[in-house]
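Trainee: just a sequence and a predicted model for now, questions to come.
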Amino acid sequence: MDKAQIFVRVRGLNSSEKEKGEAKVVKYGDDKVIVDDKTYQLTGFGPEVSNDQFYKSSLQNAIIQGISKGINTGFICVGESKSGKSTSLGVANSPAGPGLVALIAASIFNHVEKLSHFVGVSYLNIYNDKLADLLNPADKDLKVKTQANLGVYVEHLSELSVKSTADLMRLYDQGNKVRKIVELEMNTPATKSHTIFTISCEYRNSEQNLVRSRIQFYNVAGLNHSKDQGVSNSLKSLETLISECASSQQPTGFSGSKLTQLLKSVMDKTAYLTVLGHVSPTAKSVDTTGKTLEMLTKCLTIQLAPKPNTLDTQQLIEDLRKRVAVARDAITSQSSVNIAKEHILELDNSLASLSAAKRLQWDVRERESALAEEQRRETLADQGVLEWITKTAGQINNNSSSVLLLQKDKENLVAEYKKQREIVDGLKTELQSSISTHTSLAEQPNQSEPVLQGSLTKIHKLRDELKTGNNKLRDLKKGVKEAQDKLKLERTQSSTTELETSGNFALTLMMKKDQITHLKRDNQQFLDEEKERLQTDSVQETAEIKLSATQGNTLTLEQIVKIQEQHVQQGAQLSHLALHVQCLQAENEKLSEAMEALNSAHRVETETQKARNLLTFRQYKDFYEEAKAATNSKFQDLLNSCIQDCVFLSSKNAELTEENTELKRKLKHYN
């Protein structure tokens, strides 16, 4: 039997954690993860391993095997909020590059591009056991259903057809944007909800046999929210289900929540299963990190027996049609009430299964996809976010290649800069050591001239190498700065377009706050680099002064003045940087105050509009009640009149009947 694949991904320190000087407490390597001296037998990957490297080394073969054999595959991402789950799956324009969704989509289309195929996607959000369609957020009654032949599915959940990796990622990114709207409507952070992104892949192989599989990505809410009433039940149900799967018994605890119901398709041991644990590296997250690693340790013992999907859609439809015909015949031929009820129930179930089975046909799915696309555009337009969701997503996808290229260029320059800095740091250390050695030799009496001269020559050589290294370092730093500016400009143009949300104020406000956060991070990085540059220049100048002193050189008045000027200039630079920081902080405060004022004004306007709407509603309600009362009065009068007419007619009818009887009697008497 196969086993579930279990991996740990440890994110790097973020800018805030670096600024606070927080230390890493999570260690990994040699198939071990260590936290607070507790060892977990798990395979860990750090931030130095990209999504692409992780996918190719650990997941790609299993994915291709599942697609080839028609076996379902599930990815369950668990961990603390902001530990890197979404980054692993993929975030638009992320510095981390393409996520697992994009990489797996590329593998799917590479496999089926020359074959007759259908690929469709759906995207579901779950919070407090309430389901929301992230691709088509129309007001629909989504329900989890189970059919004997079809398994678990969500009724009325939209499935959209995709033709390429870019098409698939366009919908995935749009779904993530819709999630922000759902977050606002539910008044809860996205980190407290679960999402399920499903890729359905069907194709006919070279032998014209139908091969069907599903790849599902479960992004589980942060485990640090386990006490939140909206997700506590589902997280507890998930832990129970994992414990059952880890034992040798067949799991049965799928009914605990909507999340676990929908996990049945990948946790019933018939599918390939990968559990990705994501942890933060700092001490403040150690409790949730331990909880995540304990959950993953349980998953290590999950045994799998993957089975291909053997469902023949056409044969299933024919069988269901026969069942429908039999049930109809039974209903029309039987007279017993009890038997008829049984057959009516059988007919209802068969018709529901037949309807679901028909929706598995490619042509039907294409038609429903087109209808869902039209409906979702209308819904997004009504919400005032159509342009933001669709057009900007298209522009972002068109520009994503250039953004990624710029990001890659910057990463290459940064890597080269770091390498050169290590060389320069090594030269500095060696130069300072040589200067100290030369100083000690010079202080010794009767020291031979050749030794001193050799030591001095070495110092001059190191100083020249250091000068050359520093020049190269400055050039690289300039290149990094230019690459960063280009990347920043490209992203700014994209984000400017993204902010056009057609009057959706709350969404615009949230995105502007995100933009300010990114700006803060970039400015902090700039200040850190400037501080490091000044420290480097200071160390180099100190080394040169020490070297000059060991050679017995005395500083002239002109040199002293020059050094003092440089010192003043550096002080001015530091003052300028400090002033720059103060200005940024002041701008940030003013901007925050302005945004808060706008938010407050918007709240007031919203409340006023609500009051107006309520007043209008009450007016309409009063009008309706008056009209209803008048109508009821008229209806009652009409009813009373009808009753009186009926009584009169009944009385008249009795009289006529009596007269008719009397006439018949007289007629009979005459005859």
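Mentor: Looks like it arrived, so ask away. Numbers count the residues shown, from 1 in each chain.
Trainee: list the contacts of the residue nearest in space to the middle of the chain.
Mentor: A centroid search over the chain (Cα atoms, centre = their mean) returns residue 86, at 4.3 Å, as the residue closest to the centre. Residues near residue 86 by Cβ atoms under 8 Å, 6 or more residues apart in numbering: residue 219. C-beta coordinates here come from the backbone N, C-alpha and C atoms, glycine included.
Trainee: list phi and psi for it.
Mentor: With angles defined as degrees, to the nearest 10, residue 86 sits at phi -70, psi -40.
Trainee: for residue 193, see how far away it is.
Mentor: Noted for residue 86: a distance of 12 Å to residue 193, by Cβ to Cβ, to the nearest Å.
Trainee: with residue 105 instead?
Mentor: The value you get for residue 105 to residue 193, if Cβ to Cβ is used, is 23 Å.
Trainee: same check on residue 116?
Mentor: According to Cβ to Cβ, residue 116 and residue 193 sit 37 Å apart.
Trainee: please enumerate the shared neighbours of residue 86 and residue 193.
Mentor: Counting by Cβ under 8 Å, 6+ apart, residue 86 and residue 193 have no shared contacts at all.
Trainee: show me what the lengthiest helix in the chain is packed against.
Mentor: Ranked by number of residues, the top helix in the chain under DSSP state H is helix 557-670. Where contact means 3 or more Cβ pairs under 8 Å, 6 or more residues apart in numbering; DSSP states H and E, helix 557-670 is packed against helix 505-550.
Trainee: report the mean confidence score over the helix it packs on.
Mentor: The average pLDDT within helix 505-550 is 62.
Trainee: same question, stretch 300-320
Mentor: Mean pLDDT, stretch 300-320: 84.
Trainee: what do you get for stretch 90-109?
Mentor: Here the average pLDDT along stretch 90-109 is 85.
Trainee: could you do stretch 132-145 as well?
Mentor: In this model, stretch 132-145 has a mean pLDDT of 88.
Trainee: could I get the CA-only coordinates of stretch 282-293 as PDB?
Mentor: In PDB, the C-alpha atoms belonging to stretch 282-293 read as follows (Å, rounded to 0.1, in the frame of the first residue of the first chain):
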ATOM      1  CA  THR A 282       9.700  32.400  15.500                       C
ATOM      2  CA  ALA A 283       9.200  31.700  19.200                       C
ATOM      3  CA  LYS A 284       5.800  33.500  19.300                       C
ATOM      4  CA  SER A 285       4.300  30.900  17.100                       C
ATOM      5  CA  VAL A 286       5.800  27.800  18.800                       C
ATOM      6  CA  ASP A 287       2.500  26.600  20.200                       C
ATOM      7  CA  THR A 288       0.700  26.500  16.900                       C
ATOM      8  CA  THR A 289       3.900  25.200  15.200                       C
ATOM      9  CA  GLY A 290       3.900  22.300  17.700                       C
ATOM     10  CA  LYS A 291       0.200  21.600  17.100                       C
ATOM     11  CA  THR A 292       0.800  21.600  13.300                       C
ATOM     12  CA  LEU A 293       3.700  19.200  13.600                       C
END
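Trainee: return the set of buried residues in that stretch.
Mentor: Under the neighbour-count criterion of 16 or more other Cβ atoms under 10 Å, stretch 282-293 has 282, 285, 286, 288, 289, 291, 292, 293 buried.
Trainee: likewise for stretch 409-421?
Mentor: Buried residues in stretch 409-421, defined by neighbour count with 16+ other Cβ under 10 Å: 409, 410, 413, 414, 417, 420, 421.
Trainee: check which helix or strand the fourth one maps to.
Mentor: Here residue 414 is covered by helix 392-443, with elements defined by DSSP states H and E.
Trainee: circling back to that earlier point, reformat the buried residues of stretch 409-421 as JSON lines; add distance to residue 50 and pLDDT.
Mentor: JSON lines is the format used below for the buried residues of stretch 409-421 (distance: Cβ to Cβ, whole Å; pLDDT from 0 to 100):
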{"residue": "409", "distance to residue 50": "16", "pLDDT": "77"}
{"residue": "410", "distance to residue 50": "15", "pLDDT": "75"}
{"residue": "413", "distance to residue 50": "17", "pLDDT": "83"}
{"residue": "414", "distance to residue 50": "14", "pLDDT": "78"}
{"residue": "417", "distance to residue 50": "19", "pLDDT": "81"}
{"residue": "420", "distance to residue 50": "22", "pLDDT": "86"}
{"residue": "421", "distance to residue 50": "22", "pLDDT": "81"}
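Trainee: so can I have a markdown table of those residues showing distance to residue 158?
Mentor: As requested, the buried residues of stretch 409-421 are exported to a markdown table (distance: Cβ to Cβ, whole Å):
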| residue | distance to residue 158 |
| --- | --- |
| 409 | 39 |
| 410 | 38 |
| 413 | 44 |
| 414 | 42 |
| 417 | 47 |
| 420 | 52 |
| 421 | 52 |
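Trainee: rewinding a little: who has more neighbours, residue 116 and residue 193?
Mentor: The residue with more neighbours, out of residue 116 and residue 193, is residue 193; 25 against 12, by other Cβ atoms under 10 Å.
Trainee: for the stretch 351-500 of the chain, give me the ranges with low pLDDT.
Mentor: 391-405, 407-408, 488, 490-500 (pLDDT under 70).
Trainee: what does the stretch 201-350 of the chain give?
Mentor: 248, 331-344, 347.
Trainee: show me where it has its helices.
Mentor: 232-246, 258-262, 264-267, 286-299, 313-333, 337-358 (DSSP state H, counting those that start in this stretch).
Trainee: now those in JSON lines, with distance to residue 581?
Mentor: JSON lines is the format used below for the helices of the stretch 201-350 of the chain (distance: least, Cβ to Cβ, whole Å):
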{"stretch": "helix 232-246", "distance to residue 581": "42"}
{"stretch": "helix 258-262", "distance to residue 581": "46"}
{"stretch": "helix 264-267", "distance to residue 581": "50"}
{"stretch": "helix 286-299", "distance to residue 581": "32"}
{"stretch": "helix 313-333", "distance to residue 581": "65"}
{"stretch": "helix 337-358", "distance to residue 581": "62"}
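Trainee: among these, which is nearest residue 390?
Mentor: Closest of the helices of the stretch 201-350 of the chain to residue 390 is helix 258-262, at 27.3 Å (criterion: Cβ to Cβ).
Trainee: run the chain-centre distance for that closest one.
Mentor: Relative to its parent chain, helix 258-262 has a centroid offset of 19 Å by Cα atoms, centre = their mean, to the nearest Å.
Trainee: do the same with stretch 446-455
Mentor: Averaging C-alpha positions (Cα atoms, centre = their mean) puts stretch 446-455 67 Å from its chain's average.
Trainee: cool, stretch 579-594 as well?
Mentor: That offset, for stretch 579-594, works out to 31 Å (Cα atoms, centre = their mean).
Trainee: likewise stretch 204-212?
Mentor: 33 Å.
Trainee: got the buried residues for it?
Mentor: Using 16+ other Cβ under 10 Å as the test for burial, stretch 204-212 gives 210, 211, 212.
Trainee: which one is the first one nearest to, not counting chain neighbours?
Mentor: Which is residue 210. Closest residue in space to residue 210, ignoring its immediate chain neighbours: residue 204 at 5.8 Å, by Cβ to Cβ, 6 or more residues apart in numbering.
Trainee: what about that neighbour, distance to residue 175?
Mentor: As judged by Cβ to Cβ, residue 204 and residue 175 stand 29 Å apart.
Trainee: residue 138 now?
Mentor: From residue 138 to residue 175 the distance is 14 Å (Cβ to Cβ).
Trainee: ok, those two, which is more surrounded?
Mentor: Applying other Cβ under 10 Å to residue 138 and residue 175 shows that residue 175 carries more neighbours, namely 25 against 14.
Trainee: which residues touch that one?
Mentor: Going by Cβ under 8 Å, 6+ apart, residue 175 touches 123, 134, 135, 197.
Trainee: how about a cut-off of 6 Å?
Mentor: 123, 134, 135 (Cβ atoms under 6 Å, 6 or more residues apart in numbering).
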